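Peer 1: structure for the following, please:
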Amino acid sequence: MIKISEYPGGLDGIRKAFAEQQAPGARWASKATTFARAAMIDAGQHRNLILMRIGEIYTTEEAKRAIEKHVSRDRNVLRYIVDSLATPYNTAPTRKIRDITDAQAEAIRDAYRIAEVDEALEQAGRIVVWGNTAHVLVRWEQDEPRVLVLGPHQCDAIWAPGSGDKYPSILTYATSAGGADRVLVDSERWVWVRESAGQWTEIESEPHGLGMTPWVCWRWRAPASDYWDVELGQDLVDCTLDVGRMAAHMRWVRTHRAQRALVLTLAENDPTPAPQQVNGDGAIMIRGSRAAGLEVIDPETPPHNFLTDIKEAIASTAASYGLRSVSDAGLVDEEAEADKLGKLRARQLSHFARAELELARRIAALVSRHDPARAVADEAVRKGFRVRFAPFVPADDPRAQVETALAQQKVAATNPVAFYQQLHPELDEYAAETEVYENVEQLAKMADALASRNLALGDSNQLQTVAQLQGRVGGQASGATRAEQSHNERDPSTLDE
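Peer 2: This is a model prediction of the structure:
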């Protein structure tokens with residue numbers, strides 16, 4: 001690790017290192033543009049990207065202009081697949097630091113809530129599917145903790161010279177705050193710089209006092225090539241744009257090329273008739289026939305070939321993520337793919353759990369610096385932090401969810417609070433636990449009120465008197481006894497000799 005103040009050449013040295021990364025032909029020169037395309041598609045703002053793809057594929061301007069009119073963003077393959085894979089933060093995980101006081105736990109809990117960490121990590125969870133890196137930064141701003149999520153297209157990293165590209169020392173990103181153009185941050189301070197005439201000038205700095213870098217890198221799998229893994233997710237981008245192009249071509253053919261045409265055949269010396277209009281176009285006249293004639297051609301074009309190409313493009317891309325049950329539009333059948341989705345999710349969680357610990361250390365350090373009365377030591381976080389993600393339940397049926405939760409509780413794999421939080425993802429663990437106990441209290445009051453009136457809730461969810469319940473239970477027991485006696489009478493092995 002190296003600090004901004006220690007970097008060879010200071011700010012100018014950092015600027016040169018950054019410029020080398022952006023130079024044409026450098027391995028990360030296309031990073032911002034490449035991942036920005038994926039971000040636009042995930043946001044549904046990719047119509048212009050489909051138009052660009054049409055411009056790349058078709059050579060004639062006439063065809064380009066005609067097909068462009070039929071562009072739609074309805075087949076967003078990237079978004080559909082990301083929706084199915086980016087599930088861990090659909091429900092807020094439960095976090096706890098063991099062996100700290102209630103006051104300390106409350107301070108940490110408040111910091112997570114005020115900084116809206118769960119919302120930020122839901123965003124990061126989507127980014128990592130198509131970009132594999134999302135940097136989550138913590139900062140104290142206007143007397144409150146803040147969290148900032150930066151995708152790989154929004155920030156850059158600087159490493160200590162000769163240290164490789166695994167652990168960046170400095171993170172930098174563009175800004176418009178306070179007259180600055182760029183922010184740099186290291187393990188010591190935040191620095192705001194202005195860019196002018198190819199030079200960087202520091203205009204403000206602020207120590208953060210965390211004793212570590214204030215960011216954590218979220219990933220959903222180990223990088224395949226280098227830190228930024230630029231090629232990751234580009235198959236989703238290409239598939240979405242190609243499917244959008246093919247769908248536009250199909251609509252153009254079926255709405256324009258498939259219109260009926262009037263064909264007029266004329267002999268060599270036949271006079272030219274007055275112009276006729278068919279679907280707004282003049283009739284097609286063909287000379288040289290033996291006799292004049294009139295024919296209507298119906299060039300109806302079935303969509304089968306287009307749909308086959310679209311389906312194959314989506315299926316091959318989905319298969320690269322191990323998904324087979326995918327619709328022609330790119331929607332994943334989550335019940336059919338439950339096993340594979342569960343395994344992919346487990347792989348994500350192994351990375352997310354480590355990142356969660358590092359984020360907890362930074363939030364605790366932030367709280368300790370600005371609320372020393374409730375400070376939590378870094379060692380306590382390292383040893384005591386636990387994060388639990390909601391169980392993976394692919395079925396949306398409430399009964400199936402309840403059955404799954406009950407089965408997990410029998411083997412101590414979950415508890416009523418965790419299940420309640422799964423049903424109410426807007427609640428953190430403390431709020432969910434409070435409401436569960438309130439529900440238990442209300443249930444106890446209802447049971448007391450019913451008992452005072454000699455009533456109870458039966459198995460069929462109908463009110464019964466206690467006497468009726470006792471009679472039913474006694475009748476069941478008597479019936480079981482008689483059945484056993486009857487069986488013994490029929491079984492010679494149970495008879496006295």
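
Peer 1: so which bits of stretch 24-32 are buried?
Peer 2: Neighbour counts over stretch 24-32 (16 or more other C-beta atoms under 10 Å) mark 28, 31-32 as buried. For the C-beta atoms, the positions are set from N, CA and C on the backbone; glycine is no exception.

Peer 1: how distant is it from the center of its chain?
Peer 2: 26 Å (C-alpha atoms, centre = their mean, to the nearest Å).

Peer 1: ditto for stretch 91-111
Peer 2: When distances are taken as C-alpha atoms, centre = their mean, stretch 91-111 is centred 25 Å away from the chain's centroid.

Peer 1: so which elements touch the helix or strand harbouring residue 83?
Peer 2: Using DSSP states H and E, residue 83 sits in helix 77-85. Using 3 or more C-beta pairs under 8 Å, 6 or more residues apart in numbering; DSSP states H and E, the elements in contact with helix 77-85 are helix 31-42, helix 117-131, helix 234-252, helix 304-319, helix 338-370.

Peer 1: among these, which gets the worst mean confidence?
Peer 2: Least confidently modelled of these is helix 304-319, at a mean of 87 by mean pLDDT.

Peer 1: I'd like to know which elements that one is packed against.
Peer 2: helix 77-85, helix 234-252.

Peer 1: give me the angle between it and helix 234-252.
Peer 2: Inter-element angle recorded for helix 304-319 and helix 234-252: 170 degrees (by axes from the mean of the first three to the mean of the last three C-alpha atoms, to 10 degrees).

Peer 1: and helix 304-319, which residues are buried?
Peer 2: For helix 304-319, using 16+ other C-beta under 10 Å, the buried residues are 306, 310-311, 313-315, 317-318.

Peer 1: and those, which is closest to residue 204?
Peer 2: Of all these, residue 204 sits closest to residue 317, with 45.7 Å by C-beta to C-beta.

Peer 1: the closest residue to the closest one other than its chain neighbours: neighbour count?
Peer 2: Excluding the flanking residues, the one nearest residue 317 by C-beta to C-beta, 6 or more residues apart in numbering is residue 239, at 4.0 Å. Residue 239 has 23 neighbouring residues, counting by other C-beta atoms under 10 Å.

Peer 1: residue contacts, residue 239?
Peer 2: The contact partners of residue 239, taken as C-beta atoms under 8 Å, 6 or more residues apart in numbering, are 77-78, 313-314, 316-317.

Peer 1: run through the residues that contact the closest residue to residue 41 other than its chain neighbours.
Peer 2: In this structure, residue 41 finds its nearest non-sequential neighbour in residue 78, 4.7 Å apart by C-beta to C-beta, 6+ apart. By C-beta under 8 Å, 6+ apart, residue 78 lies in contact with 38, 41-42, 130, 233, 236-237, 239-240.

Peer 1: at 7 Å what do you get?
Peer 2: By C-beta atoms under 7 Å, 6 or more residues apart in numbering, residue 78 lies in contact with 38, 41-42, 130, 236-237, 240.

Peer 1: got a winner among those for most neighbours?
Peer 2: Using other C-beta under 10 Å as the neighbour test, the contacts of residue 78 are led by residue 240, with 30 neighbours.

Peer 1: if I look at that one, how far off is residue 304?
Peer 2: Separation of residue 240 from residue 304 (C-beta to C-beta, to the nearest Å): 22 Å.

Peer 1: check residue 321 too.
Peer 2: Distance of residue 321 to residue 304, given as C-beta to C-beta: 27 Å.

Peer 1: then residue 178?
Peer 2: Distance of residue 178 to residue 304, given as C-beta to C-beta: 59 Å.

Peer 1: returning to that earlier point: now render the helices and strands packed on helix 77-85 as TSV, adding distance to residue 71.
Peer 2: Formatted as TSV, the helices and strands packed on helix 77-85 follow (distance: least, C-beta to C-beta, whole Å):
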stretch	distance to residue 71
helix 31-42	13
helix 117-131	21
helix 234-252	5
helix 304-319	14
helix 338-370	31
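
Peer 1: quick one: closest of those helices to residue 169.
Peer 2: helix 338-370 (15.8 Å).

Peer 1: and the angle from the closest one to helix 77-85?
Peer 2: Using the same axes, to 10 degrees, helix 338-370 lies at 80 degrees relative to helix 77-85.

Peer 1: before we move on, the earlier item: and the buried residues of helix 304-319, which two are furthest apart?
Peer 2: Using C-beta to C-beta, the buried residues of helix 304-319 span at most 18.6 Å, a distance reached by 306 and 318.

Peer 1: chain center to stretch 15-24, what's the gap?
Peer 2: Worked out by C-alpha atoms, centre = their mean, stretch 15-24 lies 31 Å from the chain centre.

Peer 1: now that stretch: mean pLDDT?
Peer 2: pLDDT averaged over stretch 15-24 gives 91.

Peer 1: may I have it as CSV, with CA atoms only?
Peer 2: What follows is stretch 15-24, C-alpha atoms only, in CSV (Å, rounded to 0.1, in the frame of the first residue of the first chain):
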residue,chain,number,x,y,z
ARG,A,15,-2.1,11.7,-13.0
LYS,A,16,0.5,10.1,-15.3
ALA,A,17,-0.2,6.6,-14.0
PHE,A,18,-3.9,7.2,-14.6
ALA,A,19,-3.3,8.6,-18.1
GLU,A,20,-1.3,5.4,-19.0
GLN,A,21,-4.3,3.3,-18.0
GLN,A,22,-6.5,5.3,-20.4
ALA,A,23,-4.1,5.5,-23.3
PRO,A,24,-5.3,3.9,-26.6
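
Peer 1: buried ones in that stretch?
Peer 2: Within stretch 15-24, the residues that count as buried by 16+ other C-beta under 10 Å are 15, 17-18.
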